[in-house]
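# Pasting the sequence and the predicted coordinates here, then a few questions.
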Amino acid sequence: MPIRQIIEGGRVPVKVFTDDLEPHARAQLANVAQLPIVFGHVAAMPDVHAGIGATVGSVIPTRRAIIPAAVGVDIGCGMNAVQLSLGSEQLPDSLARVRTAIERAVPVGFDERGESDARRDACAPLKRRLEGVVRKHPKIAKMQRDPEKKWVRQMGSLGGGNHFIEVCLDESERLWVMLHSGSRGIGNCIGRYFIAQAREAMQKRDVHLPDRDLAWFDEGSQLFEDYVEAVGWAQDYARANRREMMHLILGALRRELPEFEETSEAISCHHNYVEPEEHFGERVYVTRKGAISARAGELGIIPGSMGARSYIVRGKGSPESFCSCAHGAGRRMSRAEAKRRFSRADLEAQTRGVECRKDKGVLDEIPGAYKDIDEVMANQTDLVEVVHTLKQVVCVKG
């Protein structure tokens with residue numbers, strides 16, 4: 001579908017790829033559109049909803065500046081997926097052992113892994129770069145306990161919230177493994193630190209903002225250069241974390257399932273990040289907050305909610321979306337509202353056929369708390385084409 005609505009009244013327009021836009025999200029987008037650093041227009045994806053700092057599902061191109069709160073604190077959060085050479089007929093009748101094997105292999109929630117020589121070696125290149133960041137900004141190291149070891153121990157761990165690991169079947173009944181995670185505690189510390197630094201810098205310059213979370217760093221300033229270094233590190237750490245988790249998951253599955261091979265290159269995509277790109281002949285910094293890159297021919301992953309379909313897609317390179325698309329279904333309500341509105345019986349009904357937790361601890365992740373993924377996909381036929389449709393059979397939540 002083409003652009004469904006345009007929000008005028010700001011310094012630039014906001015082009016929205018859905019009719020389903022809540023008032024709070026509309027107000028957030030209108031605030032971003034007032035900023036003098038925004039180039040061309042702001043794009044809002046079909047899964048758009050209000051967020052903290054910036055609207056989830058927004059694509060914000062900026063000239064010679066970056067807004068740290070638009071990137072957020074889960075820097076580099078994203079998806080990995082790989083297809084396996086197994087079919088549905090090779091799965092056991094009960095998938096409980098498969099879920100247990102994954103949960104034993106990958107720490108979830110606040111859990112982390114022990115140290116090992118192999119993990120320290122894998123983290124060595126990242127360690128030197130992080131030391132450079134912390135040397136300039138030592139307060140980052142004081143924002144969590146045992147900072148020198150914690151990020152190493154969290155390499156290969158899932159985290160909490162809406163992070164997940166899934167075993168899925170595609171339209172041909174072929175097996176896929178898919179996971180969603182980010183830069184863990186260290187990424188959160190980097191994000192919070194630089195968001196505070198940006199606010200302070202704006203206050204010193206007496207810059208009026210429609211929302212204090214829209215404070216930015218100007219290119220050429222020391223804080224800008226330091227943030228680019230730090231956010232780049234966190235994005236690389238998130239990618240390495242997902243790669244390590246996929247290695248652990250496949251190892252666990254090899255102990256529970258018949259022999260298999262990976263039959264496709266692993267697909268990897270961030271959906272909370274910033275990168276320098278060129279659009280409409282201009283070099284800009286593109287911040288995708290709950291959106292993925294969808295350049296022509298580029299593969300991406302769009303997960304539905306727990307119990308719904310997910311999609312492997314190929315980008316169409318739409319200029320109006322800045323070569324972007326939705327990153328998932330998008331929340332329809334807050335976690336608190338989901339817990340008030342739904343019961344454990346609702347959760348069991350909405351996740352029937354999926355081997356997953358069905359207790360009150362994950363009630364805020366119930367499918368009913370999310371938008372209809374099929375409606376999201378229908379609204380972005382101009383942005384991507386579907387390559388594979390996946391349905392999960394096992395889901396591990398953080």
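Cool, the structure landed.

# Helices of the stretch 101-250 of the chain, start to end?
Assigned by DSSP state H, counting those that start in this stretch, the stretch 101-250 of the chain shows helices spanning 117-136, 147-153, 184-204, 222-256.

# In JSON lines, list those helices along with mean neighbour count, distance to Phe280 and mean pLDDT.
(Each C-beta comes from the backbone N, C-alpha and C, glycine too.) Output for the helices of the stretch 101-250 of the chain, formatted as JSON lines (neighbours: other CB atoms under 10 Å; distance: least, CB to CB, whole Å; pLDDT from 0 to 100):
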{"stretch": "helix 117-136", "mean neighbour count": "14", "distance to Phe280": "33", "mean pLDDT": "85"}
{"stretch": "helix 147-153", "mean neighbour count": "17", "distance to Phe280": "38", "mean pLDDT": "85"}
{"stretch": "helix 184-204", "mean neighbour count": "20", "distance to Phe280": "26", "mean pLDDT": "97"}
{"stretch": "helix 222-256", "mean neighbour count": "19", "distance to Phe280": "22", "mean pLDDT": "97"}
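
# among these, which is nearest Met79?
helix 222-256 (7.7 Å; CB to CB).

# that older thread, among the helices of the stretch 101-250 of the chain, which comes closest to Glu22?
So among the helices of the stretch 101-250 of the chain, helix 184-204 is nearest, using CB to CB, at 23.5 Å.

# so the closest one versus helix 117-136, what angle?
10 degrees (axes from the mean of the first three to the mean of the last three CA atoms, to 10 degrees).

# counting contacts, what elements does helix 184-204 pack onto?
Contacts defined by 3 or more CB pairs under 8 Å, 6 or more residues apart in numbering; DSSP states H and E place helix 184-204 against helix 68-71, helix 147-153, strand 217-218, helix 222-256.

# hmm, 10 Å instead?
Helix 184-204 sits against strand 65-66, helix 68-71, helix 117-136, helix 147-153, strand 217-218, helix 222-256, with contacts defined as 3 or more CB pairs under 10 Å, 6 or more residues apart in numbering; DSSP states H and E.

# out of these, nearest to Ile6?
Closest among the helices and strands packed on helix 184-204, once you apply CB to CB, is helix 68-71, at 20.4 Å.

# dump the residue contacts of the nearest residue to Asp226 once chain neighbours are set aside.
In space, and not counting its chain neighbours, Asp226 is closest to Lys136: 5.6 Å by CB to CB, 6 or more residues apart in numbering. Applying CB atoms under 10 Å, 6 or more residues apart in numbering, we find Lys136 in contact with 222-223, 225-226, 229-230.

# what's the answer for Met306, then?
Here Met306 is in contact with 162, 164, 166, 329, 347, 350-351, 354, 356-358, 362, 365-367, 369-370, 392, 395, 397 (CB under 10 Å, 6+ apart).

# how far away is it from Ala43?
Per CB to CB, to the nearest Å, Met306 is found 27 Å from Ala43.

# Give me the angle between the host helix or strand of Val393 and helix 222-256.
Taking DSSP states H and E as the definition, Val393 sits inside strand 384-397. Orientation note: strand 384-397 sits at an angle of 70 degrees relative to helix 222-256 (the same axes, to 10 degrees).

# Who are the packing partners of strand 384-397?
Partner elements for strand 384-397 (3+ CB pairs under 10 Å, 6+ apart): strand 78-87, helix 96-105, strand 164-169, strand 174-181, strand 299-302, strand 309-315, strand 324-326, helix 373-378.

# swap the cut-off to 8 Å and go again
Taking 3+ CB pairs under 8 Å, 6+ apart as the contact cut, strand 384-397 packs with helix 96-105, strand 164-169, strand 174-181, strand 299-302, strand 309-315.

# how does this structure divide into domains?
73-268+296-332+374-397, 334-369 (the TED database).

# and of those domains, who's closest to Thr18?
That would be domain 73-268+296-332+374-397 among the domains of the chain, by CB to CB, at 4.9 Å.

# Span of that closest one from start to end?
20 Å (CA to CA, to the nearest Å).

# Distance from the chain centre to that domain, please.
Relative to its parent chain, domain 73-268+296-332+374-397 has a centroid offset of 6 Å by CA atoms, centre = their mean, to the nearest Å.

# How far off centre is stretch 370-378?
That offset, for stretch 370-378, works out to 17 Å (CA atoms, centre = their mean).

# Next, the residues that contact it from outside, please.
Contact with stretch 370-378 is made by 1, 18, 20, 46-47, 49, 302, 304-305, 308-311, 326, 328-332, 386, as judged by CB atoms under 8 Å, 6 or more residues apart in numbering.

# what about that stretch, average pLDDT?
The average of the pLDDT scores along stretch 370-378 is 93.

# what about dumping the CA coordinates of that stretch to PDB?
Provided in PDB are the C-alpha atoms of stretch 370-378 (Å, rounded to 0.1, in the frame of the first residue of the first chain):
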ATOM      1  CA  TYR A 370       0.100  -6.400  19.500                       C
ATOM      2  CA  LYS A 371      -1.200  -5.200  16.200                       C
ATOM      3  CA  ASP A 372      -2.300  -7.600  13.500                       C
ATOM      4  CA  ILE A 373       0.800  -8.600  11.600                       C
ATOM      5  CA  ASP A 374      -1.100  -9.400   8.500                       C
ATOM      6  CA  GLU A 375      -2.500  -5.900   8.400                       C
ATOM      7  CA  VAL A 376       1.000  -4.500   8.900                       C
ATOM      8  CA  MET A 377       2.200  -6.500   6.000                       C
ATOM      9  CA  ALA A 378      -0.700  -5.400   3.800                       C
END
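
# Buried ones in it, by neighbour count?
370-373, 376-377 (16 or more other CB atoms under 10 Å).

# would you turn these into a markdown table with distance to Lys204?
Compiled in a markdown table, the buried residues of stretch 370-378 are given as follows (distance: CB to CB, whole Å):
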| residue | distance to Lys204 |
| --- | --- |
| Tyr370 | 41 |
| Lys371 | 40 |
| Asp372 | 46 |
| Ile373 | 44 |
| Val376 | 41 |
| Met377 | 45 |
